[in-house]
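Peer 1: what's the 3D shape of this:
(chains A and B)
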Amino acid sequence: MLKYIAKRVLVTIPVLIGVVFLIFVMLSVVPGDPLTVMMGEKIKVDVIERLSETMHLNDPWYIRFVWYLRDVVLHGDFGMSYKLMRSVSSLIANAFPKTLMLAVTAAVLSWIVGIPAGIVSAVRKNSLVDHLFMGFALCGVSIPAFSVGMLLQNIFNGILPVSGFASPIHLILPAMVLGWNAAGTIARLTRSSLLEVLEDDYIRTARAKGLAPLPVILGHALKNSLLPVITMMAIQISSLLSGAVITETLFSIPGIGRLTVDAINGRDMPLLQGTVIFTTTVIIAGNLVADILYSVVDPRIRVEGGK
Amino acid sequence: MKKYLSLLMAGVLAVSVLGGCSSAFDDGSSSSAAAGESGGAQTQAGTAAGGETSQAAGGSNGGAATKAAGSNVIHIPEHDEFRTLDCQKDTEFYVVPLNIYDRLVECEVVDGVATIVPSLAESWDISDDGLVYTFHLRSDVTFHNGNQFTADDVVYTVERMMNPATAAVNTDFFSMIKGANDMLEGQADGVEGVKALDDFTVEITLEVPFAPFLANLATPSCSIYNRAATEAAGDQFGIDPAVTVGTGPFKAADWVLNDRVTLVRYDDYFKGPAKIDGVELIQVPDENTQKLMYENGELDIVDLSSSTSQLAYFMGNDAYKDNLVTGPEAGNYFYAFNQDMAPTDDVRVRKAISMAIDRQTILDQMYSGAGHVVNSMLPDGVLGSYEAEEIPYDPDGAKALLAEAGYGDGCDLELYQKTNDPDALAINQVVQSMLSQVGINVTIKQMDEAAYLSERKEGKLGMTRAVWWADFNDPDNFLYTFFTEKNTKVRSLNHKNTDVYQWLEDGRKMVDEDERMELYKKIDMTMVQEEAAVFPLFQMDHVVVVQDWVKGFQIPWNGWTDTSYYNVSIER
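Peer 2: Model (predicted):
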């Protein structure tokens, strides 16, 4: 197991270098430089020419790529953000707790709502409750976050805070937006997976030996049907942790998502590279945790050696 | 064993969440604590507000935003995070500099006219040749750290701007001073033209006469810094509020990144303390959220001219009739033509486009008539503005001109804009349909802001809707910015009139005011009426909605969003 984890961790290194390489190539192709964006209407050519030189913006991208790798690997220095004039690592360290809080609240909310809804729907297949829950789930999956967000803001305006991140209360609305979407996926997955398991022979055996329906479902069927759900949960958490751009903007939450968007819009290369490295790491870690959990829940699956 | 492992992982997750929880909200509570120290941000939280608001405030334990009601602090929304509070290094965000620093002189509206008034300088003398400015400084001014303001601070401010190590972006505001460019290019250790004659007299000598120099000194970029504090702060000046020191009516108290900047009153301000305890500048990028927060009483002042999507809602709602504060903007909206690209390389086509656009209708339909149509680059209220000849709305005349130019069967035109500019999109779509009436087939090209600006800098952007607001009250600020040889390319205008290039340089050096204004009128008429290098649209009224309890708020002379809140008070 440890060997497996070590291997997976080592594999992430070339992935990260590849991702940073791609960012460098893409930003060198796309027009725009941070100084021109920063000065906007007040553009002054002399100033841009002078500062481009001191900021090494005129160097070719591959040279900057090599310098960047050197700084990161040798000094652990992710550089300074052009736009926010602070070290990239401090900006990410500052934004991540907010995104983490939001992601975890949304995820927990989606599990509390999604899993029971999925179970009930599967057990009462094709009943009114099933249709109701699945309709709700479908809406969660398909309505875009910005419209759900604005809807909730208008409904709860004056009752709950609609903007900012000063207290746990501020989390409720944005967590509902993200949680509804995640709950929809979880509920649908729980339902379909549980339905599949309920058809299995061993369930029929359990029923045949006279067990009550509830112990059969909770004790026998549910455990096996949760496998894909757990994988999905881990993947969802890692994508939530990489920042919910629209939700964070709508509710003015200073998280990773907003930082990334600002970095792209401002052609803020160091900040963008930093957030991309960070979110890539989080997603890889999320997938790794999912794989490990998988083997914990289902001992038949062995991660070692790919057997 | 596996069960214990999963329990352990769950435990780790829970602990990290709790850890994340406390560190995530620490910031918020420290910001409200800072406001609390200022005396009153937290007092009576939520008591004076409507029941619903106080309910929300009561339930939160650190929500400075929900505690707006009842405090003596004003809350203002901001669209975008500030880069730095150091206005030598930023060209965009001036609201904090306008409130925490002072300039030698200020531009204020006196009897309806924008006038240069004394500030840190009590009075000044200008030599007859327009080269030497002697400023007599006030002796009763202190910086927020207690240091007295002296002539040396002025010398320091200029030299810091021109020091290459500062990497300042506003060097052009001091570059006309003798020897300033030498320092910028690393050929001198100081600026020859700035001398402290004694503690309270400073003499500034210019390289060549620069008529708008005083007006130029009133811009936020020319804010005066304290030598001791700024040198000690190093690269944290403008970043760490604790070391960002000025002489202004408010002190920078706290900055929670992407959340809020808190300013608190400076009690020893030399013009007397402000009437409010402080200002909170809150990041609310979404305009609909700004509206909701205003209606909740969480925001005190919302600038509708920068949140244009909410303009119609507030202007069309009788309940807000008495809450709107308006004033003219010292700036124009206009269309800019690229003379290097067909079909706008032909003056007849440019004139035809101008004649085919019905500006009054656009103004009435899109902007609730909040402004007026203009025919010059120099808006009313700015020095040198004059009654320009009207550019007629004449679709038939436009068709005739197009036929004359060889486009009798119509032509294609590309109209460029940024993707994140719904305001430009709305007007561009109307113009698209108006131009189709005369046979011009317009394609609207939307580009990401960075790409747009970079193409424009190279002179490669086609026709665009542009805006310019005055930095300082002088025609030079409008005409030099767009029509010199270098700037006309950077703005993607590419006009070729070499006389105008020369006149713009001459205008800067002229000392006789009347002669100078005549010259700028000539430049403006040449560029707008004769060559149709640009097509002026409107001068807009700046519209701001303020809560009933906010008193004394005025639109500044230039109609900017960024303004000083020194004269604002709260009366409930």
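
Peer 1: Surely A:Phe278 touches A:Ala95?
Peer 2: No - at 9.4 Å, A:Phe278 and A:Ala95 do not qualify as touching, with contact defined as CB atoms under 8 Å. C-beta here means a position set from N, CA and C on the backbone, and glycine is covered the same way.

Peer 1: who touches both of those two?
Peer 2: Between them, A:Phe278 and A:Ala95 share these contacting residues under CB atoms under 8 Å, 6 or more residues apart in numbering or on different chains: A:Ile256.

Peer 1: in which helix or strand would I find the residue lying closest to A:Val141 once chain neighbours are set aside?
Peer 2: Once flanking residues are discounted, A:Val141 sits nearest to A:Gly184: 4.0 Å by CB to CB, 6 or more residues apart in numbering or on different chains. Element membership of A:Gly184, judged by DSSP states H and E, is helix A:172-198.

Peer 1: And for B:Glu280?
Peer 2: strand B:278-283.

Peer 1: Check B:Asp86 too.
Peer 2: Applying DSSP H and E, one finds B:Asp86 in no helix or strand.

Peer 1: I'd like to know how many residues surround the closest residue to it other than its chain neighbours.
Peer 2: Nearest non-adjacent residue to B:Asp86, counting by CB to CB, 6+ apart: B:Gly238, 2.7 Å away. For B:Gly238, the count of nearby residues is 25 (other CB atoms under 10 Å in any protein chain shown).

Peer 1: same check, this time on the one 10 residues further on
Peer 2: Other residues within reach of B:Gly248, judged by other CB under 10 Å, total 27.

Peer 1: show me what contacts it?
Peer 2: B:98-102, B:266, B:269, B:564, B:566.

Peer 1: Now do the SS call for it.
Peer 2: coil (DSSP: H, G, I helix; E, B strand; the rest coil).

Peer 1: if we can go back for a sec, I'd guessed the residue nearest to A:Val141 sits against A:Gly135; true?
Peer 2: No - at 10.1 Å, A:Gly184 does not count as touching A:Gly135 under the criterion of CB under 8 Å.

Peer 1: Within range of chain A, give me the residues from the stretch 451-572 of chain B.
Peer 2: B:451, B:453-457, B:467-468, B:471, B:486, B:490 (CB under 8 Å from any CB of the partner chain).

Peer 1: mind running it again at 7 Å?
Peer 2: Counting by CB under 7 Å from any CB of the partner chain, the residues of the stretch 451-572 of chain B lying close to chain A are B:451, B:453-455, B:457, B:468, B:486, B:490.

Peer 1: now the stretch 251-400 of chain B
Peer 2: B:257-259, B:282-286, B:288-289, B:292-293, B:295-296.

Peer 1: about what we covered before: next, the buried residues of whichever helix or strand comes after the strand holding B:Glu280.
Peer 2: Downstream of strand B:278-283, the next assigned helix or strand under DSSP H and E is helix B:287-296. By neighbour count on 16 or more other CB atoms under 10 Å in any protein chain shown, the buried set for helix B:287-296 is B:287-294, B:296.

Peer 1: Tell me which two in those residues are the farthest apart.
Peer 2: By the measure CB to CB, B:Glu287 and B:Asn296 form the most distant pair in the buried residues of helix B:287-296, at 15.0 Å.

Peer 1: on that earlier part again, can you put the residues of the stretch 251-400 of chain B next to chain A in a markdown table and add pLDDT and distance to A:Ala166?
Peer 2: Below are these laid out as a markdown table (pLDDT from 0 to 100; distance: CB to CB, whole Å):
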| residue | pLDDT | distance to A:Ala166 |
| --- | --- | --- |
| B:Leu257 | 86 | 14 |
| B:Asn258 | 81 | 13 |
| B:Asp259 | 87 | 8 |
| B:Ile282 | 95 | 10 |
| B:Gln283 | 91 | 12 |
| B:Val284 | 90 | 13 |
| B:Pro285 | 85 | 16 |
| B:Asp286 | 86 | 17 |
| B:Asn288 | 90 | 20 |
| B:Thr289 | 90 | 15 |
| B:Leu292 | 92 | 16 |
| B:Met293 | 93 | 13 |
| B:Glu295 | 92 | 19 |
| B:Asn296 | 89 | 14 |
